[in-house]
Structure formats: C-alpha cells, structure tokens
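**Student:** Coordinates for the following, if possible.
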Amino acid sequence: MSYLNGLFSTVFERRFARAVSSDAEGREITALARDLLGTQGEVSGSTLARLILDQYTEADAEGKKAFFEFLLSDLEIDPVEVVETLKDYKAAPSKRSYRAYATASEPKRQELLRRLNQVPGGTQRLVSMRRDLLRMIREDAKLEPLDVDFQHLLASWFNRGFLVLRRINWSSPAEVLEKIIAYEAVHAIDSWDDLRLRLQPADRRCFGFFHPAMPDEPLIFVEVALTQGIPNSVQNLLADGRAPIEAEEADTAVFYSISNCQAGLAGISFGNSLIKQVAADLARDLSALDTFVTLSPIPGLTRWLETNQSPTIKNASVDAQAAHYLIAAKREDKLPLDPVARFHLGNGAAVHAVHANADISDNGMRQSKGAMVNYLYDLAQVTANHEHFVTEKVVAASRAVRTLSASISSKS
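**Tutor:** Numbers count the residues shown, from 1 in each chain. Here you go, the predicted model:
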C-alpha cells in the first residue's frame, strides 16, 4: 500500500509541477519571484524556483543586472517597520514581538534565495549567481548591499561543519582531476603528465574541501610536497627528473599551492581550516613530520618596488627587498600589503625565510622578481601568532628575516 501511495503521489506531483510550469511560461522573472515568496506548496515552490534559476541562467548581462536591481529595490527591508517592531520589542520583549522584529529586519530577498536553494543543484547555481554579482559590483557599487545578503547566506551554508575533506589522487574521478588542472591558480598544470607528477608519487599529496551540495566541485585545494628539509625553489620542488622519497622518510610537509576554486565564494574563508586540518592529519599519519611550511609567492612585491622611490630599497638585494616588504609594507589598517602574507599570518603562521631565484618562471619573475617565502606553521604557536596578528597587527617572523629587513631600515 505504501508503494502505491508513493507511486500515486509521484504521478500527482509531476502532473502538478507540469501544470505550474505551463501556467508560468512566458512570465517575467520578477513575477515568478513574487509568486515564489507567496507560495506555501513544496511542489509549486520547487517548480517556480527552477523556472527562476533557468530564466536567470539564460538571461544576458543586462537581464541579470535587472534581476539584481529588482532584488535590491523591491525586496528590501521597510525601515519604518523595522523601527516600529523594535520599539514594540523593547517595550514588551516576548517571542512574538522578537519574531516580528526579526522578520521585519531581514530583507525578503534572503528568503527568496533560501527558496531558490531548495532546488536540486540550486546551491551551485546561487554560487554562480554571486560570481556574476561580484563582477557587476566592480562597475556599479550600489549593488553592494545585495552582496551582504548573499555572503551571509553562503557563509552559513558553507561553514566548516558542512565541508568534507577529501584526498585527491591519481585515482580520483576524471571530472575532479580536470577541475584541479583548471582551477590551479599558483603554479599552472600544463598537462595530464604534469598533474600525475603532482599526485602519484609517494611524496606528494593533494587535499580539497567539498560540499555535499556540490560533490564534484572542489571549493579549495592544497598541494603538498613531503620533503627532507625546507625547499627554497619551486622549480626544484616540481622538477620532472627529481627522485621521489618514501613518505615515511620525510620530515617536512610543504604547502606549495593553495587554490580557491569558486569565484562566487570569495570572502568566505576555507583556507585556514584546510591547512590546519591537513597538517593535523599528516602529523597523525606520518610520525616523522615535524615541520610544516609553505613555499609561497609574493604577488605584490614587484608592484610595491615600482611605486617605492627609496634608493636604499631599490638597490638592496632581492631577498632583503622581499623581507622588508613582508614585514614593513602595510595598508592603512596596519595589515601587511601582501594578500598572501595576510592570509598565512592571519592563520597563525610566521615568516620563516625568503629566497631569491625561487620561482624563475615568467609569472614568478613578473610578480616578485623570482622571490618566494616560507611561512612556518608551528602547531604549538599558531594560536598565539594569530592572536597577536589580529589584535596588535604583529607580523611573526624569524630572526633571519628580521635581520634582512633591518639591513634596509638601518640605511634608510
């Protein structure tokens, strides 16, 4: 009987969905959005949500912007209602008055996005929608309030509790491997053979965060080299003819490439959790590992040198220039000018060493005159380093790096 009930229910739902879809055909996306906010039925709501997402996907840039402007203006909060409900809550706090205030203070567009997210595949399509929004905000800042809602919802949907850490190896599904090649943002992967050299040897690892709603789409991934000692050149680290070592022989884990994969999730941080989780897992599995470092690019160094007029800095060695840039070059908020430095120092790492001629690729020479940096993740110090960086803007650095930086400061 339960089987027949389920069969009849499925047939009814499909017919009802077709009827809703037929009735909605040809209607504007804004009208469908209003209907979705007003509907209570699960089937009709799902059908309307799918139609809205389909129309949005098929729209040109002008149509997409018009939809964003509709969300911003027509599904905004009512300030008068917010003030009145807050007064009522302050005068007589209760579950009812608080609910009225909470409802009034949340833009209706947030509920619309939640309902769009209920469609199979909706999460990924909303991530793509935010990617479009961020691109348009660069040319039209008035759309910025809308991104607050997107970021608020996506941050809750993609919090650490929902993320799954998976090791990516040569046996992973081809569609995942293709995305690793496409999304690699630090050191380009030129071919399948190049990818195999990064995944297959015993002294190589790759890990990524995935979300259950996007199981074949990595959100962020990190490539790891297991080495003896701390490397000072990415070309040596990735050389075709290098001799691999057994994982158990390594004393150092090197995070040499971290790539964010989803432009629509910009500003929603996964890297902090990823590095710490991978470091903990590697330390558990490989007892000989006692050092965890990066071999990181310094993407802003050349640009900073081009705008800096100090003869002392311009005439210094590249490693001294890099050390001084990482320690002394600051934004107005006193945080480091370099974005990669902000990321790792904010995670609790320390500037451990800088190296000239560490990346002699065209990109490496262009962005940092070939210099790279090791950030050290001392698992016993990351919490203290993080606190000092966040509260006091202190850049944790080794004595060697500070000495290099001081060699410029003392001559200025």
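
**Student:** buried stuff in stretch 300-320?
**Tutor:** For stretch 300-320, a neighbour-count test (16 or more other C-beta atoms under 10 Å) marks G300, L301, T302, W304, L305, I313, A316, V318, D319, A320 as buried. Every C-beta, even on glycine, is put in place using the N, C-alpha and C of the backbone.

**Student:** Render the CA-only coordinates of it in PDB, please.
**Tutor:** What follows is stretch 300-320 as a C-alpha-only set of coordinates in PDB (Å, rounded to 0.1, in the frame of the first residue of the first chain):
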ATOM      1  CA  GLY A 300      52.700  42.300  -4.700                       C
ATOM      2  CA  LEU A 301      56.500  42.700  -4.400                       C
ATOM      3  CA  THR A 302      57.300  44.000  -7.900                       C
ATOM      4  CA  ARG A 303      54.300  46.400  -7.900                       C
ATOM      5  CA  TRP A 304      55.400  47.700  -4.500                       C
ATOM      6  CA  LEU A 305      59.000  48.200  -5.700                       C
ATOM      7  CA  GLU A 306      57.800  50.100  -8.800                       C
ATOM      8  CA  THR A 307      55.900  52.600  -6.600                       C
ATOM      9  CA  ASN A 308      58.700  52.900  -3.900                       C
ATOM     10  CA  GLN A 309      61.200  55.700  -4.600                       C
ATOM     11  CA  SER A 310      63.700  54.900  -1.800                       C
ATOM     12  CA  PRO A 311      67.200  54.300  -3.400                       C
ATOM     13  CA  THR A 312      68.100  52.200  -0.400                       C
ATOM     14  CA  ILE A 313      65.300  49.800  -1.100                       C
ATOM     15  CA  LYS A 314      65.700  49.800  -4.900                       C
ATOM     16  CA  ASN A 315      69.500  49.000  -4.600                       C
ATOM     17  CA  ALA A 316      69.000  46.200  -2.000                       C
ATOM     18  CA  SER A 317      69.200  42.500  -2.800                       C
ATOM     19  CA  VAL A 318      66.000  40.800  -3.800                       C
ATOM     20  CA  ASP A 319      65.800  38.700  -0.600                       C
ATOM     21  CA  ALA A 320      66.200  41.900   1.500                       C
END
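
**Student:** Please shift the residue numbers so they start at 35 in all later answers.
**Tutor:** Right, with 35 as the first residue, what we last looked at is stretch 334-354.

**Student:** Any chance you could list what contacts that stretch?
**Tutor:** Applying C-beta atoms under 8 Å, 6 or more residues apart in numbering, the external contacts of stretch 334-354 come out as 355-356, 358-359, 363, 371-373, 388-391, 400-405, 438-439, 441-442, 445-446.

**Student:** try 6 Å
**Tutor:** Defining contact as C-beta atoms under 6 Å, 6 or more residues apart in numbering, one finds that stretch 334-354 is touched by 356, 359, 363, 371-372, 388, 390, 401-403, 405, 438, 441-442, 445-446.

**Student:** Could you do stretch 122-139 as well?
**Tutor:** By C-beta under 6 Å, 6+ apart, the list of residues contacting stretch 122-139 reads E115, V116, T119, L120.

**Student:** one more time with 7 Å
**Tutor:** Identification of contacts with stretch 122-139 by C-beta atoms under 7 Å, 6 or more residues apart in numbering yields I111, D112, E115, V116, T119, L120.

**Student:** Can you show me the helices along the stretch 235-384 of the chain?
**Tutor:** In the stretch 235-384 of the chain, the helices defined using DSSP state H, counting those that start in this stretch lie at 268-271, 305-319, 335-341, 345-348, 352-362, 373-380.

**Student:** From those, pick the one with the highest average neighbour count.
**Tutor:** Scoring the helices of the stretch 235-384 of the chain by mean neighbour count under mean count of other C-beta atoms under 10 Å gives helix 352-362 as the most buried, with a mean of 24.

**Student:** tell me the mean pLDDT over stretch 161-181?
**Tutor:** Taken as a whole, stretch 161-181 has an average pLDDT of 97.

**Student:** Likewise for stretch 140-154?
**Tutor:** The pLDDT scores in stretch 140-154 average 96.

**Student:** which outside residues touch the helix or strand hosting A216?
**Tutor:** Following DSSP states H and E, one finds A216 within helix 208-217. Defining contact as C-beta under 7 Å, 6+ apart, one finds that helix 208-217 is touched by I202, I223, L229, D250, E251, P252, F255, S293, C295.

**Student:** shaky segments in the chain?
**Tutor:** When residues are selected by pLDDT under 70, those of the chain lie in 35-60, 75-76, 443-446.

**Student:** hey, where'd the strands end up in the stretch 335-446 of the chain?
**Tutor:** Assigned by DSSP state E, counting those that start in this stretch, the stretch 335-446 of the chain shows strands spanning 384-389, 406-410.

**Student:** okay, those strands, which one's buried deepest?
**Tutor:** strand 406-410 (a mean of 25).

**Student:** Run through the neighbouring helices and strands of that strand.
**Tutor:** If you count contacts as 3 or more C-beta pairs under 7 Å, 6 or more residues apart in numbering; DSSP states H and E, strand 406-410 packs onto strand 325-328, strand 330-331, strand 384-389.

**Student:** So which of these is nearest M163?
**Tutor:** Closest approach to M163 among those (C-beta to C-beta): strand 330-331, 30.3 Å.

**Student:** quick revisit: for D412, which of the helices of the stretch 235-384 of the chain is the nearest?
**Tutor:** helix 305-319 (10.3 Å).

**Student:** contacting residues around A414?
**Tutor:** With contact set as C-beta under 7 Å, 6+ apart, A414 has no partners.

**Student:** quick one, domains of the protein?
**Tutor:** As given by automatic domain parsing, the domain ranges for the chain are 36-191, 195-328, 331-443.

**Student:** Redo the helices of the stretch 235-384 of the chain as JSON lines? Include distance to I214.
**Tutor:** JSON lines is the format used below for the helices of the stretch 235-384 of the chain (distance: least, C-beta to C-beta, whole Å):
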{"stretch": "helix 268-271", "distance to I214": "17"}
{"stretch": "helix 305-319", "distance to I214": "14"}
{"stretch": "helix 335-341", "distance to I214": "27"}
{"stretch": "helix 345-348", "distance to I214": "38"}
{"stretch": "helix 352-362", "distance to I214": "29"}
{"stretch": "helix 373-380", "distance to I214": "20"}
